[in-house]
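>>> okay, sequence plus prediction incoming.
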Amino acid sequence: MPHRWGMTVDLDRCTGCGACVTACHAENNIAVVGDVQAAKSRAMHWIRVERYWEGDFPDVRLKFRPVMCQQCDAAPCEPVCPTYASHHTDEGLNAQVYNRCIGTRYCANACPYNVRFFDFYNPKWPRPLHLQLNPDVSVREVGVMEKCTFCVQRISAAEIDAKAEKRELKDGEIEPACVQSCSAKALVFGDLNDPESEVSRLSRSTRGAKLLEELGTLPKVTYLARQTQV
Amino acid sequence: MIRAVRRASAVVVCALLAGACSITDPTQQVSPAVYSPAHRTAADAAREFFTIRSKPEQPIPFPHKTHIAKKALCTDCHESVEKGPIAGIPSVKTCMICHSQIATDKPLIKQVTAYADKGIEIPWQRVYGFTHESHVRFNHAPHIRASVDCATCHGDLAQQTVAERSVNHTMGFCVNCHAAKKAPNDCLTCHY
């Protein structure tokens, strides 16, 4: 049976530290666009930590919610792509193929989660900072759309290793950069087709909810609601 | 009339080249102190588009043929080919494992020894490799495990002296083999 990759985000555990955002930037060669472009809403963060203030002063509470590509099973970004750059893989990932992308940006307009980012300019790294680029991930050039891949380079590497050692993938063996860096262990990644996996167990929780579930996008990221009143 | 058409087409080609290397915005030009996937010049962009590549000039004309005739295996020098993505260009130390003893009087070996004595690597030039814009993440190890012969992608090096780009690594070349061997053929297998 093919894998079906999914994630759970425990909002009780998230402290809003932003380590996932930093790790994602480092792992996936995401360009930092600078203040001028960021003011034009062109900042690129494949994962972001949303902040919500609740209540009135002095009774305010701050809530955090990390949002990345929800890897929808019925993804609105896919049918709008004229070149099939945005497509669904057998393992349920919303793939973005940079070679095919011609930059129509239809997908970003169709995405209700605002997690697709367009390269308005070629990214730049002052030398020798380019040496920290991850060789396992493409550096995207101007005119293509990019998004969270669930760190497909790590999935692919783990699958190759498992095949070489003639064994099945273990639960928790694959950790996307955000999951790996989450010190509170709020993020859990795994195979939703394996009923015994940690991510399956958590996504069956009664606390679980999907973002904008009513749109029928069938996301594979489950958010576990806050229970504590801090 | 013909001249006008020719002039118009030249303008179109120039506009396309300018677009290809994104020199339309002067604030986005790239200095050598900055790394960017942008093409340095319009000519670079055109060469990449038409996959025109210069022939690599090796510092020492390494004879693959001679080594293979002496029963050396590919993996003796390209050591990491079975372990990971990159096959590896051997260090001068690898050369010296044999050539500190063998054929030390030959002029080419003396050049190798000179590099080793100075403690610097021989500046070998890459022969194969995908362009930046092809966005291909290739891994040697699974191909070796699937018992794909080196010659399938690199040509018969027993007949070559200096390695040449004898096989054209187009996407069709990869996809046909993947289809024949029932290997995964999803875009995400290679492009990410």
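Nice, thanks for sending it over.
>>> confirm for me that A:Val188 is in contact with A:Asp10.
Yes - counting by Cβ atoms under 8 Å, A:Val188 does reach A:Asp10; the two are 7.5 Å apart. The C-beta positions use only the backbone N, C-alpha and C, and glycine is treated the same way.
>>> run a quick neighbour tally on the residue in chain A positioned nearest to chain B.
Relative to chain B, the nearest point of chain A is A:His130 (3.3 Å; Cβ to the nearest Cβ). By other Cβ atoms under 10 Å in any protein chain shown, the residues close to A:His130 number 16.
>>> circling back to that earlier point, more neighbours: A:Val188 and A:Asp10, which one.
Counted by other Cβ under 10 Å, A:Val188 and A:Asp10 do not tie: A:Val188 has more neighbours, with 25 against 22.
>>> could you list everything that one pairs with in the sheet?
Beta-bridge pairing for A:Val188 (DSSP bridges): A:Thr8.
>>> about what we covered before: mind listing the shared neighbours of A:Val188 and A:Asp10?
A:Leu202 (Cβ atoms under 8 Å, 6 or more residues apart in numbering or on different chains).
>>> follow-up on the earlier one: now do the contacts for the residue of chain A closest to chain B.
B:Tyr35.
>>> a helix runs through it, doesn't it?
Yes - counting by DSSP: H, G, I helix; E, B strand; the rest coil, A:His130 is part of a helix.
>>> tell me how far it lies from A:Gly92.
With distances taken as Cβ to Cβ, to the nearest Å, A:His130 is found 33 Å from A:Gly92.
>>> what's the answer for B:Val81, then?
Counting by Cβ to Cβ - B:Val81 and A:Gly92 are separated by 32 Å.
>>> give the burial count for the residue of chain B at minimum distance from chain A, as a bare number.
Residue nearest to chain A within chain B: B:Tyr35 (3.3 Å; Cβ to the nearest Cβ). The tally of other residues near B:Tyr35 (other Cβ under 10 Å) stands at 18.
>>> avg pLDDT for stretch A:188-195?
In this model, stretch A:188-195 carries a mean pLDDT of 95.
>>> next, the distance between the ends of that stretch.
End-to-end distance of stretch A:188-195 (Cα to Cα, to the nearest Å): 14 Å.
>>> burial count for B:Ile122?
For B:Ile122, the neighbour count with other Cβ under 10 Å is 18.
>>> mind jotting down where the helices sit in chain A?
Using DSSP state H, the helices assigned to chain A run over residues A:19-27, A:35-39, A:106-110, A:152-164, A:177-181, A:198-203.
>>> mind saving the C-alpha coords of the second one as PDB?
The C-alpha trace of helix A:35-39 is given here as PDB (Å, rounded to 0.1, in the frame of the first residue of the first chain):
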ATOM      1  CA  ASP A  35      11.700  44.700   3.600                       C
ATOM      2  CA  VAL A  36      10.600  46.400   0.400                       C
ATOM      3  CA  GLN A  37       9.300  43.200  -1.100                       C
ATOM      4  CA  ALA A  38       7.900  41.900   2.200                       C
ATOM      5  CA  ALA A  39       5.800  45.100   2.400                       C
END
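>>> shaky segments in chain A?
Chain A contains residues with pLDDT under 70 at A:1, A:228-230.
>>> give me the domain ranges for chain B.
In the assignment given by automatic domain parsing, the structural domains of chain B cover B:2-49, B:64-89+B:124-190.
>>> for the last one, the averaged confidence score.
Predicted confidence along domain B:64-89+B:124-190 averages 91 (mean pLDDT).
>>> what's the end-to-end length of that domain?
Start-to-end, domain B:64-89+B:124-190 (Cα to Cα) is 29 Å.
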